[in-house]
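Visitor: okay, here's the prediction I keep looking at, along with the sequence it came from:
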Amino acid sequence: MLSHELEEPDLPRKYVSIFDRWIGKENYGQLDCKNDAERAERNERLLSHWAKVFDRTPVFRLADGKVKLETDRESFLDVCRFRPDKPGFEFAFVLIPELGAYYKEEWDDTNVVWYSDEVTVQPLFDWAVECGLHVLDDWRAP
């Protein structure tokens, strides 16, 4: 059964982030926004990427143990929108078949993308850069 708690796919991964590098434990303070304007700016960049994905390719969301084609843009963006009190089980987790990818919202302004083929998924990463985001390699890679 599919659920939001689906085990991580056994696929290569990269990350879409507001940060241009891995922060590391010594710099965790950088995860916190200095003020409301910084939080709003981070939110706008991340949400603009979710919007671009929705506008350019069909997306399916995992919710309540089911896979659902997203057809309502505003409803989809509402699910993807940052909320400081959003519990992890409400984080967006979408399937993007045309790009061979899973895309999952995370708590630290860095989202994870699992993909089957780097060439096929490249538009997702290009759109991230267009939105002022950065694409990071898997921190676990050698």
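Guide: Yep, it's here. What you are looking at is a predicted structure, and each value in this text was computed from that prediction instead of being measured.
Visitor: how about the worst-scoring helix or strand of the chain on mean pLDDT: buried residues?
Guide: Using mean pLDDT, DSSP states H and E, the weakest-scoring helix or strand in the chain turns out to be strand 60-63, at a mean of 86. Of the residues in strand 60-63, 60, 61, 62, 63 count as buried by neighbour count, 16 or more other CB atoms under 10 Å. The way it works is simple: take the backbone N, C-alpha and C, and place the C-beta from them, glycine included.
Visitor: from the residues you listed, pick the one nearest residue 104.
Guide: The nearest member of the buried residues of strand 60-63 to residue 104, counting by CB to CB, is residue 62 at 9.1 Å.
Visitor: my guess is that closest one contacts residue 90. True?
Guide: No: the pair residue 62 / residue 90 is not scored as a contact, 11.6 Å apart, by CB atoms under 8 Å.
Visitor: could I get the full set of strands for the protein?
Guide: If DSSP state E is used as the criterion, the strands of the chain fall at 13-17, 60-63, 66-69, 93-96, 101-104, 110-115, 134-137.
Visitor: may I have the strands that pair with the second one, each with its orientation?
Guide: Looking back up the chat, that one is strand 60-63. strand 66-69 (antiparallel), strand 93-96 (antiparallel) (DSSP bridges).
Visitor: quick one: contacts of the first one?
Guide: Looking back up the chat, that one is strand 66-69. 2, 58, 59, 60, 61, 62, 95 (CB atoms under 8 Å, 6 or more residues apart in numbering).
Visitor: the last one now?
Guide: Residues from elsewhere that reach strand 93-96 (CB under 8 Å, 6+ apart): 4, 6, 53, 57-62, 67, 70, 101-105, 124.
Visitor: if you set the cut-off to 7 Å instead, what comes out?
Guide: 4, 53, 57, 59, 60, 61, 62, 67, 102, 103, 104, 124 (CB atoms under 7 Å, 6 or more residues apart in numbering).
Visitor: which residue lies farthest from the center of this protein?
Guide: In terms of distance from the mean C-alpha position of the chain, residue 26 ranks first, at 24.0 Å (CA atoms, centre = their mean).
Visitor: all good on my end, thank you.
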